[in-house]
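Enquirer: Show me the folded form of this:
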Amino acid sequence: MELEAPVADILGSLGLSLYDLEFTGGTLQVTVEREGGVDVDTLAAASRALSRWLDESDPIESRYTLEVSSPGLERRLRTPRHFASAVGEVVTLREHRDDAPTRRLEGPLREATETTVTIEDPEVGLVSVPLAQIERARTVFHWGPTPRPAATGSSKKGT
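Expert: Have a look, this model is predicted:
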């Protein structure tokens, strides 16, 4: 059974959007989002609603654990839609390259298509990476205020 559409419908009835859905290692991970963020009570309500539906429809034959969470400040990027929603944000990714060692890139995400992303790494410049070569990626959140730029020009000294 296809899970994404019914899960998205259930979440939509709670005012939530489905960010990601993944079944790995016996865990059904459902990541939800909402404009303005998601609180613990909303996550609990989503978990109850999804559990009820999963118990009634029984779409997964094996044993599993349901996890419902928000994407957080540093969101995992996995699908073309995830990358498209992060254009303009600072991201970090690990790129697997067949002809060279794996490399880590970090910088503003400049473009995202169905097959590639373009990141502006301060050391490498603009780099287009095929989605198939991305081992893992996430947005980056920097805590605290932005450092002030260094003063430029000459300073006047006492005469």
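
Enquirer: Tell me where the protein has helices.
Expert: If DSSP state H is used as the criterion, the helices of the chain fall at 4-13, 40-57, 80-85.

Enquirer: So what touches the second one?
Expert: Just to be clear, that refers to helix 40-57. 1, 6-7, 10-11, 13-16, 28, 30, 32, 34, 60, 66, 68-70 (C-beta atoms under 8 Å, 6 or more residues apart in numbering). Where C-beta positions appear, they are placed from N, C-alpha and C, glycine not excepted.

Enquirer: Please work out which of the helices of the chain is packed deepest.
Expert: Most buried of these, by mean neighbour count (mean count of other C-beta atoms under 10 Å): helix 80-85, with a mean of 18.

Enquirer: how close does A49 get to G26?
Expert: Relative to G26, A49 is positioned 21 Å away (C-beta to C-beta, to the nearest Å).

Enquirer: Then E135?
Expert: From E135 to G26 the distance is 22 Å (C-beta to C-beta).

Enquirer: Equivalent analysis for E2, please.
Expert: From E2 across to G26, the span is 19 Å (C-beta to C-beta).
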